[in-house]
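Engineer: I'd like to go over a predicted model; first the sequence, then the structure.
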Amino acid sequence: MSLVVCGLSHRTAPIDLLDRAAVPEEQLPKALAGLVGSPHVVEAMVLSTCNRVEVYAQVSRYHAGVAALREHFAQWTGLPPEEVNDHLVERHDDAAVAHLLGVTAGLEAMVLGERQIQLQVKQALAAAEREGAARGMLSRLVHHALRVGKRVRAETDLVHAARSMVDLGLETAAEHAGGLADRTVLVVGAGKMGRLAADRIAASSGHVLVANRSPQRRERLAERVAGEPIALTEAQAALERADVVITSTGAADTVLDHEDVVAAQARREGRPLILLDLAVPRDVDPSIREIPGVTLLDVTDLAGREHVSAEAAQAGRAIVEEETEAFQAWTRSQRVAPAIASLRRHAEDVRAAEVARLSGRLGGLDERERETVEALTKGIVNTLLHEPTVRLKDLADGSAAELHVEVLNELFGLPGEPGDADAPGDDADAPRDQGDADDPRDHDQGR
């Protein structure tokens with residue numbers, strides 16, 4: 001088994017490609033079913049945010065598994081593989097663990113330390129678990145990553161310095177608009193980002209319009225921020241009234257087209273219009289940038305504006321490195337668990353067979369004496385196996401753990417589990433399902 005991450009991010013792909021690869025929430029079941037439907041993908045989770053679309057997977061064979069993930073991206077984007085593959089980045093095993101921990105801690109975000117990513121990872125796991133796509137090692141890894149994200153925020157200054165994408169976007173839009181005081185702001189979309197944006201501007205702007213497809217959601221949000229609810233179909237007409245427009249609908253197609261804004265500008269008497277598109281896929285047609293008097297800002301315009309100190313980022317990465325090693329040590333310990341269980345089963349079978357073989361000579365024993373023989377023989381077996389068991393668990397932290405398991409299997413004639421000769425590293429064979437195993441953070445900490 002290998003743990004693999006394959007995906008696109010703001011670092012590797014243009015926003016047009018991220019648009020095509022994005023997986024709306026309602027399409028997650030389809031995407032997950034397609035992934036785990038591959039014969040080589042055992043578990044999968046899709047993380048689709050405004051600046052990354054990644055698949056985390058446990059695969060039975062590394063190269064075949066990566067090929068399946070690459071094929072998924074080609075099919076999902078509807079593009080030839082050669083147009084997607086150059087932008088895909090794959091990591092496996094230790095590097096994949098470190099990447100997920102770094103992503104969850106906000107260390108790989110477009111806005112360094114960005115706070116929303118931890119919730120997005122949690123929601124991605126929940127979706128995968130609902131669909132039965134994450135149920136073992138992958139699920140445990142993501143839970144570990146969520147704990148690491150909390151630890152990074154608790155032990156570093158990232159939590160104080162970092163801002164969300166919404167905060168940064170509003171700050172940038174306000175700079176272009178000359179402030180939001182006395183401005184009319186149109187919020188298109190009443191989801192998580194829309195609600196956050198409306199809450200942030202409620203006290204500082206002149207008037208808030210809330211457009212959403214669901215009447216209940218737009219009315220509820222408008223009431224919360226003392227704004228005005230309008231139907232999503234009225235958003236184009238509301239452009240004439242707005243000074244700043246914030247979109248974050250999660251729709252598969254654009255919500256505001258070039259023609260909509262051209263028509264609105266013709267009625268605005270030269271007033272400038274600021275459009276802040278926080279959605280991926282984009283809500284706003286990018287050609288709108290060409291319209292005079294209109295400023296369009298999207299997630300790519302926010303990159304590099306974070307104000308997180310180098311010391312805070314370095315401290316966060318040190319925690320990620322430490323926790324990656326802890327998880328890998330736990331993973332190695334789980335690899336020897338089947339061998340230990342197999343050895344104990346073998347020893348018990350031998351013990352029981354010997355007692356049964358000598359049962360004719362024990363015919364004169366009463367029930368209590370037979371129980372004493374059972375306890376005595378079991379005690380001898382447990383005593384003999386105690387030291388090898390402890391030693392094998394200790395050796396699991398070393399790089400030769402698999403070698404010791406192979407020697408044990410060979411010496412005692414135990415049924416070993418075949419490894420993945422196709423995998424690119426020494427740690428490719430992770431257990432398929434360890435849902436009831438110990439917390440990986442406890443492995444080296446004596447808890």
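Structural biologist: Cool, the structure landed.

Engineer: how about stretch 258-270: buried residues?
Structural biologist: 258, 260-261, 264-265, 268 (16 or more other CB atoms under 10 Å). For glycine as for every other residue, the C-beta is placed from the backbone atoms N, C-alpha and C.

Engineer: repeat for stretch 170-181
Structural biologist: By neighbour count on 16+ other CB under 10 Å, the buried set for stretch 170-181 is 170, 172-174, 177, 180.

Engineer: dump the residues you listed into CSV; add distance to Gly250 as well.
Structural biologist: Listed next are the buried residues of stretch 170-181 as CSV, based on distance: CB to CB, whole Å:
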residue, distance to Gly250
Leu170, 19
Thr172, 21
Ala173, 19
Ala174, 24
Ala177, 25
Leu180, 24
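
Engineer: ok, so of those residues, who is nearest Ser287?
Structural biologist: Ser287 lies nearest to Ala173 out of the buried residues of stretch 170-181, by CB to CB, at 19.6 Å.

Engineer: so, low pLDDT: which residues of this structure?
Structural biologist: 159-163, 303-309, 396-401, 416-447 (pLDDT under 70).

Engineer: out of the buried residues of stretch 258-270, which are inside strands?
Structural biologist: For the buried residues of stretch 258-270, not one is inside strands, with DSSP state E as the criterion.

Engineer: you'd agree Val245 is in a strand?
Structural biologist: Yes: assigned with DSSP: H, G, I helix; E, B strand; the rest coil, Val245 falls within a strand.

Engineer: one step back: okay if I get the buried residues of stretch 258-270 as TSV plus distance to Pro24?
Structural biologist: Listed next are the buried residues of stretch 258-270 as TSV, based on distance: CB to CB, whole Å:
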residue	distance to Pro24
His258	23
Asp260	22
Val261	24
Ala264	26
Gln265	30
Arg268	32
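
Engineer: what's the closest of the residues you listed to Pro292?
Structural biologist: Gln265 (7.5 Å).

Engineer: for that closest one, what are its contacts?
Structural biologist: Each residue near Gln265 by CB atoms under 8 Å, 6 or more residues apart in numbering is listed here: 273, 291-294.

Engineer: same for the lengthiest helix in the chain, what does it pack against?
Structural biologist: In the chain, taking DSSP state H as the definition, the longest helix is helix 310-357. Contacts defined by 3 or more CB pairs under 8 Å, 6 or more residues apart in numbering; DSSP states H and E place helix 310-357 against helix 94-104, helix 137-155, helix 158-161, helix 367-395, helix 401-412.

Engineer: winner for burial among the ones you listed?
Structural biologist: Highest mean neighbour count of the helices and strands packed on helix 310-357: helix 94-104, a mean of 23 (counted as mean count of other CB atoms under 10 Å).

Engineer: put the alpha carbons of it into PDB.
Structural biologist: Listed next in PDB are the C-alpha coordinates belonging to helix 94-104 (Å, rounded to 0.1, in the frame of the first residue of the first chain):
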ATOM      1  CA  ASP A  94       6.300  10.600   4.000                       C
ATOM      2  CA  ALA A  95       6.100  13.500   1.600                       C
ATOM      3  CA  ALA A  96       2.300  13.000   1.200                       C
ATOM      4  CA  VAL A  97       1.800  13.000   5.000                       C
ATOM      5  CA  ALA A  98       3.900  16.100   5.400                       C
ATOM      6  CA  HIS A  99       2.000  17.900   2.600                       C
ATOM      7  CA  LEU A 100      -1.400  17.200   4.100                       C
ATOM      8  CA  LEU A 101      -0.200  18.300   7.600                       C
ATOM      9  CA  GLY A 102       1.200  21.500   6.000                       C
ATOM     10  CA  VAL A 103      -1.900  22.200   4.000                       C
ATOM     11  CA  THR A 104      -4.200  21.700   7.100                       C
END
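
Engineer: what are the phi and psi angles of the residue lying closest to Ser204 once chain neighbours are set aside?
Structural biologist: Closest residue to Ser204 in three dimensions, ignoring its sequence neighbours and counting by CB to CB, 6 or more residues apart in numbering: Leu180, at 5.0 Å. The phi and psi values for Leu180, taken as degrees, to the nearest 10, are phi -110, psi -10.

Engineer: swap in the one 4 residues further on?
Structural biologist: Here the main-chain torsion angles of Thr184 (degrees, to the nearest 10) amount to phi -90, psi 120.

Engineer: next: the one 3 residues further on.
Structural biologist: Backbone geometry at Val187, expressed as degrees, to the nearest 10, gives phi -100, psi 120.

Engineer: and Gly113, by the same measure?
Structural biologist: When quoted as degrees, to the nearest 10, the phi and psi of Gly113 stand at phi 80, psi 10.

Engineer: what about it, neighbour count?
Structural biologist: 27 (other CB atoms under 10 Å).

Engineer: what does the domain assignment say about this protein?
Structural biologist: With automatic domain parsing serving as the domain definition, the record reports that the chain contains domains spanning 2-161, 165-302.

Engineer: I'd like these as a markdown table, with distance to Leu343 appended.
Structural biologist: Below are the domains of the chain laid out as a markdown table (distance: least, CB to CB, whole Å):
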| stretch | distance to Leu343 |
| --- | --- |
| domain 2-161 | 23 |
| domain 165-302 | 51 |
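
Engineer: name the SS class of Thr300, please.
Structural biologist: The local conformation at Thr300, judged by three-state DSSP, is helix.

Engineer: just give the nearest non-adjacent residue to it, would you?
Structural biologist: Ile15 (5.3 Å).

Engineer: next one: Val261
Structural biologist: Ile288 (5.0 Å).

Engineer: identify the residues contacting the one you found.
Structural biologist: By CB under 8 Å, 6+ apart, the residues touching Ile288 are 256, 258, 261, 275, 294, 296.

Engineer: among those residues, which are in helices?
Structural biologist: Those of the contacts of Ile288 lying in helices (DSSP H): 258, 261.

Engineer: and the contacts of Ile288 as CSV, adding distance to Lys30?
Structural biologist: Below are the contacts of Ile288 laid out as CSV (distance: CB to CB, whole Å):
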residue, distance to Lys30
Leu256, 27
His258, 30
Val261, 32
Leu275, 31
Val294, 36
Leu296, 31
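
Engineer: identify the farthest-apart pair in the contacts of Ile288.
Structural biologist: Spanning the widest gap among these are His258 and Leu275, at 11.7 Å by CB to CB.

Engineer: quick check: Leu170 touching Asp199?
Structural biologist: No: assessed by CB atoms under 8 Å, Leu170 is found out of contact with Asp199, at 10.5 Å.

Engineer: and of the buried residues of stretch 258-270, the nearest to Ser38?
Structural biologist: His258 (39.4 Å).
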